[in-house]
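**Q** Just to be clear, the model below is a prediction. Sequence and coordinates:
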Amino acid sequence: MAESLKVWIKKVYSLTLILNSLITLAALAGILYGFYHSWPNWKPYWPYLVDGNILLFAAAAALINIFPEASIGRKLHTGRFLFHHYVYGFLTMTFASIFVIGFTSVGLISLFIVPTANVAVNTGRLFVLTGLALFLDDLPDVNKRIESVLNRIKAKAFQIRRAIHFAQFISRSVTLYAFVAIACSAFVRSSWTVAVYLTLGTMVITSITSFVCVARKSWLKITIE
């Protein structure tokens, strides 16, 4: 019983890290869209963030983290309740998308780039990303073709694993700098909103995860079958 509980806790931990990376990407997508759409008239978090393009490094850190985060859960055997959990992920994304279309004024295409504090929109965003996290975690089990494609991608990643490790090393530090810059901007301007708290919270977790992955040399330890 204790061993089974430990496995489930570790699985939830893996899924939570994946979800955090996805929320980081979604939060940064909105900021970067505003930055590029308004360029050169808007500089986010200036003068603490010297260039909005730096946020691309934070996005890269979140993206690079997803594979080692998912690998934590894929090594575990949790069994399944009725279906693989990619089915639950797909259903969650589907119902969340229907909710967004039917009960909010935001379209699915612009769901993550429209700045809004609307509770319904942000609830839809959260459930779409939660479903996506479940789906990504179980992606190899969707069908053999997808598993084959993922194995080929993994083989390519294995060939450039040192470059990815170096990219993670750089992006983790830049993400930490971006976190400090956003925090300083919010403090000086007293602009503490839910969006700012969420962005800062997910970014610091993304940065810490990157530091741990680099310390453990997660990308250097990947293997191909």
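**A** Sure, I can see it.

**Q** tell me the contacts of Ala178?
**A** 49, 54-55, 57-58, 203 (C-beta atoms under 8 Å, 6 or more residues apart in numbering). (Glycine included, C-beta is placed from N, CA and C.)

**Q** hmm, try it at 6 Å
**A** Remark: with contacts taken as C-beta atoms under 6 Å, 6 or more residues apart in numbering, Ala178 is in contact with 54-55, 58.

**Q** Quick one: name whatever helix or strand follows the helix or strand of the chain with the lowest mean pLDDT.
**A** Least confident helix or strand, the chain: helix 144-159 with a mean of 85, by mean pLDDT, DSSP states H and E. Downstream of helix 144-159, the next assigned helix or strand under DSSP states H and E is helix 161-189.

**Q** Same question for that next one: list its buried residues.
**A** Applying a neighbour-count criterion of 16 or more other C-beta atoms under 10 Å, one finds 161, 164-165, 167-168, 171-172, 174-183, 185-186 buried in helix 161-189.

**Q** what's the burial count for Phe99?
**A** 16 (other C-beta atoms under 10 Å).

**Q** what about the residue nearest to it when sequence neighbours are not counted, distance to Ile101?
**A** Once flanking residues are discounted, Phe99 sits nearest to Gly124: 5.4 Å by C-beta to C-beta, 6 or more residues apart in numbering. Distance, Gly124 to Ile101, using C-beta to C-beta, to the nearest Å: 9 Å.

**Q** in the protein, which spans are helices?
**A** Ranges of helices in the chain, per DSSP state H, are 2-38, 55-74, 85-103, 119-137, 144-159, 161-189, 194-216.

**Q** Am I right that the residue nearest to Phe99 is in contact with Ile98?
**A** No - counting by C-beta atoms under 6 Å, Gly124 does not reach Ile98; the two are 9.4 Å apart.

**Q** Settle it for me: which of the two has more neighbours?
**A** Gly124 (24 against 12).

**Q** OK, contacts around that one?
**A** Here Gly124 is in contact with 96, 99-100 (C-beta under 6 Å, 6+ apart).

**Q** Out of these, which is nearest to Ser38?
**A** Nearest to Ser38 among the contacts of Gly124 is Val100, at 24.8 Å by C-beta to C-beta.

**Q** For Trp219, see how far away the closest residue in space to the closest one that isn't next to it in sequence is.
**A** Nearest residue to Val100, sequence neighbours excluded (C-beta to C-beta, 6+ apart): Gly124, at 3.9 Å. Separation of Gly124 from Trp219 (C-beta to C-beta): 33 Å.
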